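In: need the 3D shape of this:
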Amino acid sequence: MKKIAAFILRCFGWRVEAFVPPERRYVLIVAPHTSNWDFVIGRLAFWTKGLPARFLIKKEFFRFPIGGLLKALGGLPVERGRGGGRAVEQSVRLLQTHDRMALILTPEGTRRRNPHWKKGFYYIAQAAGLPVYVGYIDYKEKECRIVGAMPVSGDLEADSRYLMETYAHVTARYPEQFALPDWGKW
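Out: Down below sits the predicted model:
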(Lines give C-alpha, C1' and ligand atoms only; values in the text may rest on other atoms or scores of the structure.)
Protein backbone atom coordinates (compact mmCIF):
# COMPACT_ATOMS: atom_id res chain seq x y z
CA MET A 1 0.00 0.00 0.00
CA LYS A 2 2.91 2.38 0.75
CA LYS A 3 4.21 2.32 -2.80
CA ILE A 4 0.79 2.66 -4.40
CA ALA A 5 -0.12 5.62 -2.19
CA ALA A 6 3.23 7.31 -2.85
CA PHE A 7 2.81 6.76 -6.61
CA ILE A 8 -0.68 8.30 -6.61
CA LEU A 9 0.45 11.37 -4.68
CA ARG A 10 3.52 11.82 -6.92
CA CYS A 11 1.31 11.63 -10.03
CA PHE A 12 -0.62 14.63 -8.75
CA GLY A 13 2.49 16.52 -7.64
CA TRP A 14 2.13 16.03 -3.88
CA ARG A 15 5.04 15.66 -1.41
CA VAL A 16 4.88 14.06 2.02
CA GLU A 17 7.32 15.31 4.64
CA ALA A 18 9.27 12.40 6.13
CA PHE A 19 8.88 13.33 9.84
CA VAL A 20 7.31 10.53 11.85
CA PRO A 21 6.62 11.15 15.56
CA PRO A 22 8.79 8.98 17.82
CA GLU A 23 5.89 8.07 20.12
CA ARG A 24 3.85 4.97 19.37
CA ARG A 25 0.60 6.73 20.39
CA TYR A 26 -0.29 10.38 19.88
CA VAL A 27 -3.02 12.81 18.90
CA LEU A 28 -2.55 14.54 15.55
CA ILE A 29 -4.53 17.57 14.53
CA VAL A 30 -4.70 18.47 10.87
CA ALA A 31 -5.90 21.75 9.40
CA PRO A 32 -7.09 23.40 7.30
CA HIS A 33 -10.09 21.19 6.62
CA THR A 34 -12.16 22.78 3.85
CA SER A 35 -12.73 19.91 1.43
CA ASN A 36 -13.43 16.18 1.32
CA TRP A 37 -10.20 15.93 -0.68
CA ASP A 38 -8.33 16.66 2.56
CA PHE A 39 -9.30 13.19 3.76
CA VAL A 40 -8.23 11.47 0.54
CA ILE A 41 -4.86 13.22 0.40
CA GLY A 42 -4.26 12.79 4.13
CA ARG A 43 -5.15 9.08 4.09
CA LEU A 44 -2.76 8.50 1.18
CA ALA A 45 -0.02 10.47 2.99
CA PHE A 46 -0.35 8.27 6.07
CA TRP A 47 -0.19 5.13 3.99
CA THR A 48 3.09 6.31 2.41
CA LYS A 49 4.67 6.36 5.88
CA GLY A 50 2.97 3.24 7.20
CA LEU A 51 1.51 5.22 10.10
CA PRO A 52 -1.37 3.67 12.07
CA ALA A 53 -3.90 6.42 11.42
CA ARG A 54 -7.35 6.38 13.00
CA PHE A 55 -9.87 9.18 12.84
CA LEU A 56 -13.18 10.06 14.45
CA ILE A 57 -16.33 10.54 12.39
CA LYS A 58 -19.79 11.15 13.73
CA LYS A 59 -21.62 7.86 14.13
CA GLU A 60 -24.36 8.87 11.69
CA PHE A 61 -21.96 8.20 8.79
CA PHE A 62 -21.49 4.55 9.83
CA ARG A 63 -24.51 3.21 8.00
CA PHE A 64 -24.68 0.87 5.05
CA PRO A 65 -23.05 1.07 2.55
CA ILE A 66 -20.35 3.55 3.58
CA GLY A 67 -19.90 2.46 7.22
CA GLY A 68 -17.81 -0.60 6.40
CA LEU A 69 -15.55 1.40 4.09
CA LEU A 70 -15.00 4.08 6.72
CA LYS A 71 -14.02 1.45 9.31
CA ALA A 72 -11.63 -0.19 6.83
CA LEU A 73 -9.97 3.18 6.22
CA GLY A 74 -9.44 3.74 9.97
CA GLY A 75 -12.68 5.48 10.88
CA LEU A 76 -14.06 5.27 14.38
CA PRO A 77 -17.69 6.18 15.07
CA VAL A 78 -18.14 8.75 17.78
CA GLU A 79 -21.23 10.09 19.44
CA ARG A 80 -20.85 13.83 19.42
CA GLY A 81 -22.79 16.17 21.58
CA ARG A 82 -22.64 19.30 23.64
CA GLY A 83 -19.62 19.35 25.89
CA GLY A 84 -17.91 16.54 23.98
CA GLY A 85 -17.43 14.46 27.13
CA ARG A 86 -18.39 11.22 25.46
CA ALA A 87 -16.06 11.76 22.52
CA VAL A 88 -13.16 12.63 24.83
CA GLU A 89 -13.77 9.57 27.04
CA GLN A 90 -14.17 7.27 24.03
CA SER A 91 -10.97 8.60 22.49
CA VAL A 92 -8.92 8.23 25.67
CA ARG A 93 -10.11 4.61 26.10
CA LEU A 94 -9.29 3.91 22.46
CA LEU A 95 -5.78 5.34 22.76
CA GLN A 96 -5.17 3.38 25.96
CA THR A 97 -6.17 0.07 24.36
CA HIS A 98 -3.89 0.34 21.32
CA ASP A 99 -0.14 -0.19 21.40
CA ARG A 100 0.44 1.96 18.31
CA MET A 101 -1.97 4.59 17.02
CA ALA A 102 -2.25 8.12 15.69
CA LEU A 103 -5.66 9.60 16.46
CA ILE A 104 -6.26 12.23 13.77
CA LEU A 105 -8.65 15.08 14.42
CA THR A 106 -9.65 18.22 12.55
CA PRO A 107 -10.14 20.87 15.24
CA GLU A 108 -12.29 23.03 12.99
CA GLY A 109 -14.98 20.35 13.21
CA THR A 110 -16.40 21.29 9.81
CA ARG A 111 -15.34 22.09 6.27
CA ARG A 112 -16.98 25.52 6.49
CA ARG A 113 -15.32 28.63 7.89
CA ASN A 114 -15.17 28.24 11.67
CA PRO A 115 -13.00 30.40 13.96
CA HIS A 116 -14.36 28.47 16.97
CA TRP A 117 -12.13 25.41 16.84
CA LYS A 118 -13.05 22.42 18.98
CA LYS A 119 -10.78 21.79 21.97
CA GLY A 120 -11.44 18.06 22.30
CA PHE A 121 -8.02 17.16 20.87
CA TYR A 122 -6.41 19.09 23.71
CA TYR A 123 -8.48 17.42 26.41
CA ILE A 124 -7.96 13.97 24.88
CA ALA A 125 -4.18 14.43 24.90
CA GLN A 126 -4.20 15.74 28.48
CA ALA A 127 -6.40 12.90 29.76
CA ALA A 128 -4.41 10.21 27.93
CA GLY A 129 -1.04 11.74 28.82
CA LEU A 130 -0.05 11.89 25.16
CA PRO A 131 1.49 14.57 22.94
CA VAL A 132 -0.43 16.58 20.35
CA TYR A 133 1.29 16.76 16.99
CA VAL A 134 0.34 19.37 14.44
CA GLY A 135 0.02 18.61 10.74
CA TYR A 136 -1.26 20.27 7.64
CA ILE A 137 -2.20 19.74 4.02
CA ASP A 138 -1.03 22.75 2.00
CA TYR A 139 -2.64 23.01 -1.43
CA LYS A 140 -0.41 25.83 -2.69
CA GLU A 141 2.79 23.90 -1.96
CA LYS A 142 1.12 20.49 -2.51
CA GLU A 143 2.68 19.29 0.71
CA CYS A 144 1.54 17.11 3.62
CA ARG A 145 3.55 17.63 6.77
CA ILE A 146 3.63 16.83 10.45
CA VAL A 147 5.31 19.91 11.89
CA GLY A 148 5.99 18.90 15.46
CA ALA A 149 4.56 18.65 18.94
CA MET A 150 2.28 21.36 20.27
CA PRO A 151 2.69 22.48 23.87
CA VAL A 152 0.01 21.06 26.18
CA SER A 153 0.62 22.92 29.42
CA GLY A 154 -2.98 23.38 30.51
CA ASP A 155 -2.95 27.05 29.48
CA LEU A 156 -5.05 26.90 26.32
CA GLU A 157 -4.52 30.51 25.36
CA ALA A 158 -0.74 30.29 25.58
CA ASP A 159 -0.55 26.89 23.91
CA SER A 160 -2.84 27.96 21.08
CA ARG A 161 -0.33 30.58 19.89
CA TYR A 162 1.65 27.68 18.46
CA LEU A 163 -1.33 26.86 16.21
CA MET A 164 -1.61 30.45 15.00
CA GLU A 165 2.05 30.49 14.00
CA THR A 166 1.94 27.04 12.40
CA TYR A 167 -1.16 27.53 10.26
CA ALA A 168 -0.66 31.20 9.32
CA HIS A 169 1.18 30.30 6.08
CA VAL A 170 -0.83 27.19 5.05
CA THR A 171 -3.15 27.38 2.04
CA ALA A 172 -6.43 25.47 2.20
CA ARG A 173 -8.15 23.96 -0.83
CA TYR A 174 -10.81 26.65 -0.34
CA PRO A 175 -8.94 29.49 1.44
CA GLU A 176 -12.09 31.55 2.01
CA GLN A 177 -13.43 28.71 4.19
CA PHE A 178 -10.42 28.57 6.50
CA ALA A 179 -10.25 30.62 9.69
CA LEU A 180 -7.55 30.54 12.30
CA PRO A 181 -8.96 30.04 15.79
CA ASP A 182 -10.41 33.07 17.55
CA TRP A 183 -8.31 33.07 20.71
CA GLY A 184 -10.88 35.05 22.67
CA LYS A 185 -13.44 32.28 22.09
CA TRP A 186 -11.22 29.46 23.36
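
In: can you pull the contacts of Arg24?
Out: Contact analysis of Arg24 by CB atoms under 8 Å, 6 or more residues apart in numbering lists Asp99, Arg100, Met101. To be clear about C-beta, it is placed using only N, CA and C from the backbone, and glycine gets the same treatment.

In: compile the residues you listed into JSON lines and extend it with columns for neighbour count and distance to Leu51.
Out: Formatted as JSON lines, those follow (neighbours: other CB atoms under 10 Å; distance: CB to CB, whole Å):
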{"residue": "Asp99", "neighbour count": "7", "distance to Leu51": "14"}
{"residue": "Arg100", "neighbour count": "10", "distance to Leu51": "9"}
{"residue": "Met101", "neighbour count": "20", "distance to Leu51": "9"}
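
In: what about those residues, which are in strands?
Out: Among the contacts of Arg24, DSSP state E puts Met101 in strands.

In: nearest to Gly68, of the contacts of Arg24?
Out: Met101 (20.2 Å; CB to CB).

In: for the closest one, list each beta-bridge partner.
Out: On the basis of DSSP bridges, Met101 is bridged to Arg25.

In: which parts of this structure are strands?
Out: Using DSSP E, strands in the chain cover 15-16, 25-31, 53-58, 75-78, 101-105, 132-138, 143-150.

In: can you give the contact residues for the fifth one?
Out: By CB under 8 Å, 6+ apart, the residues outside strand 101-105 that reach it are 21, 24-30, 42, 46, 51-56, 91, 94-95, 118, 120-121, 124, 133.

In: that one: how far from the chain's middle?
Out: In terms of CA atoms, centre = their mean, to the nearest Å, the centre of strand 101-105 is set 7 Å apart from its chain centre.

In: ditto for stretch 29-44
Out: That offset, for stretch 29-44, works out to 8 Å (CA atoms, centre = their mean).

In: how about it, which residues are buried there?
Out: By 16 or more other CB atoms under 10 Å, the buried positions in stretch 29-44 come out as 29-35, 38-39, 41-44.

In: return the subset of those lying in helices.
Out: If you go by DSSP state H, the buried residues of stretch 29-44 have Asp38, Phe39, Ile41, Gly42, Arg43, Leu44 in helices.

In: just give me the closest of those residues to Leu70.
Out: Using CB to CB, these come closest to Leu70 at Phe39, 10.0 Å.

In: number of nearby residues for the closest residue to Ala127 other than its chain neighbours?
Out: Nearest residue to Ala127, sequence neighbours excluded (CB to CB, 6 or more residues apart in numbering): Val92, at 4.7 Å. The number of residues packed near Val92 is 19, by other CB atoms under 10 Å.

In: can you tell me how far Val92 is from Gly120?
Out: 11 Å (CB to CB, to the nearest Å).
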